[in-house]
Structures are given as C-alpha cells and as structure tokens.
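1. for reference, the sequence and a predicted model appear below.
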Amino acid sequence: MNTSSTGPRKSSRFSVRLYQYYRLSSSFLYAALLARWTILLPLVGSKFLPGGIHQFLCYLLIFTSTFDLFWNAKFHGIKSLFRSRTTLKDLNFFYFVAVMHFHDDYEHAPVLKNTSYSCFIIGLAFTQMYYHWCKLFKASSRPKRSVWWRMDSFLMMPLLYSSEFYLLMLNLQMPNYHLSTQLETLNKVLLVLFIPVSLHAFKKQISLL
C-alpha cells in the first residue's frame, strides 16, 4: 500500500474543509451583524447603536480580512495578492478599523452616531455575506446577471463605498484625541485616493457583466 500520497491528500482535504468552514462562518457572522443591527436600531436608536455593535464589527472585519488574505495566499500564491481587488478590500477594512475603532470611546464617538454608519453596516453585511457565500466552493462562482449579483453590484457596493467615504470625511471634520498630525495628514491623502480607487474597483466589478 502506498501511504506516501495519503498524507498530503488528507492534509489537502483538511485544508479545504477549514477553508469552507471559514467561508461559511464568515457569511453567517455578517448575517449576524445585519440581524444585530436590525434588532438594536429600533430599540436604542442611532445614538446608542455603536455601544452594542461597533466592537463586534471591528473584530469581524479583522477576523475575516486576515483569513481572507491567508487563504488567497495559500491557494493562489503570495504574488497574486499584489494584483487582487480582494487584497485592496481587505487592506481597506484594516484601515477602517485602525481609524474608526476609537479604542474604549466608541460609545460616545459622534461619527458613529451618524446615519451613514447604519448605511455602512447594511452595505458591508450584504456585500460580504454574498462574497463569502459565493467563495464557499470555488474561487469564483458568483453567477453574473442574477438578482443577487445585480443587487450586490448596483445597490450594496455603491452604498458601502459612499457611506464609508462619508464616515472617513466626518472623522476628519470631528477631531478627537486619537488623531495625531501625521495620522490626520495620512487620512487626508487616503481620502483623496478613496474616490478614484473605489471607482476603479466598481468599474472592474461591472465589467464582469
């Protein structure tokens, strides 16, 4: 009996199952984020919404983005990360957490009490829920021209981009003790780049139609 090939085969099978578990759990966690927002908003309003959801949102973005990069590097190679829109998306989420987590003061951050914060959560939850679900079995399996694809591309992605841009802009207009001069300069530069980069990513998405 040849046992030399069974080891790698079992290892590969285990990796695939881990990958599928990550995609499935990520999809359900983003569904949980949306459900949490749906329950909390009528109960506490936008004023107290960050206290019940923001920490979960930040941890979720870090978890899903970290493992998204890991699995893409494992299955497609390190070099593929440098030319992937997925990498750009994950780095953007890391940046969002770094700028908007507000440490232990998120419950009182005026930026997070704006309506655009709820819009960001809706857009994020729908786009990432759909993204991870479609990646469950194949590297690219999103059916083009389906109702879900159209809703994701023409409604939820623009909502996500526009609400994030507005939140980042509000964060610059409302100084807080977490901002330094260097960080504020960096935020301004990235905010200027946000629109052309987002339009480029959106154009690539629409080109798949």
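-> Arrived safely, thanks for sending. Since we're looking at a predicted model, the values are computed, not measured. Numbers count the residues shown, from 1 in each chain.

2. residue ranges for the helices of the chain, please.
-> For the chain, the helices defined by DSSP state H cover 6-76, 78-81, 85-100, 115-134, 147-151, 157-173, 181-206.

3. the last one vs helix 85-100, what angle?
-> So the one you mean is helix 181-206. Helix 181-206 runs at 150 degrees relative to helix 85-100, counting by axes from the mean of the first three to the mean of the last three C-alpha atoms, to 10 degrees.

4. nearest to residue 109, out of the helices of the chain?
-> When these are ranked by proximity to residue 109, the top entry is helix 6-76, at 6.4 Å, counting by C-beta to C-beta. For every residue, glycine as well, the C-beta is placed using N, CA and C.

5. what packs against the closest one?
-> In terms of contacts (3 or more C-beta pairs under 8 Å, 6 or more residues apart in numbering; DSSP states H and E), helix 6-76 is packed against helix 78-81, helix 85-100, helix 115-134.

6. of all the ones you listed, which lies closest to residue 207?
-> Of all those, it is helix 85-100 that lies closest to residue 207, at 11.3 Å by C-beta to C-beta.

7. can you list contacts of the closest one?
-> Helix 85-100 is contacted by residues 58, 61-62, 64-66, 68-69, 72, 81, 109, 111-112, 164, 167-168, 171, 183, 187, 190, 197, 201, 204 when judged by C-beta atoms under 8 Å, 6 or more residues apart in numbering.

8. below-threshold pLDDT in the chain: ranges please.
-> For the chain, the stretches with pLDDT under 70 are 1-11, 138-145, 176-179, 208-209.

9. apply 90 and report the result again.
-> By pLDDT under 90, the low-scoring segments of the chain are 1-13, 75-76, 79-85, 101-110, 136-146, 148, 171-186, 200-209.

10. about what we covered before: buried ones among the contacts of helix 85-100?
-> Buried members of those, scored by 16 or more other C-beta atoms under 10 Å, are 58, 61-62, 64-65, 68-69, 72, 81, 109, 111-112, 164, 167-168, 171, 187, 201.

11. related to what we said a few turns ago, highest mean neighbour count out of the helices of the chain?
-> helix 115-134 (a mean of 21; mean count of other C-beta atoms under 10 Å).

12. what packs against that one?
-> Helix 115-134 is packed against helix 6-76, helix 157-173, with contacts defined by 3+ C-beta pairs under 8 Å, 6+ apart.

13. dump the ones you listed into a markdown table; add distance to residue 116 as well.
-> Shown next, in a markdown table, are these (distance: least, C-beta to C-beta, whole Å):
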| stretch | distance to residue 116 |
| --- | --- |
| helix 6-76 | 10 |
| helix 157-173 | 4 |
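
14. please name whichever of those helices is nearest to residue 137.
-> Closest of the helices and strands packed on helix 115-134 to residue 137 is helix 6-76, at 7.2 Å (criterion: C-beta to C-beta).
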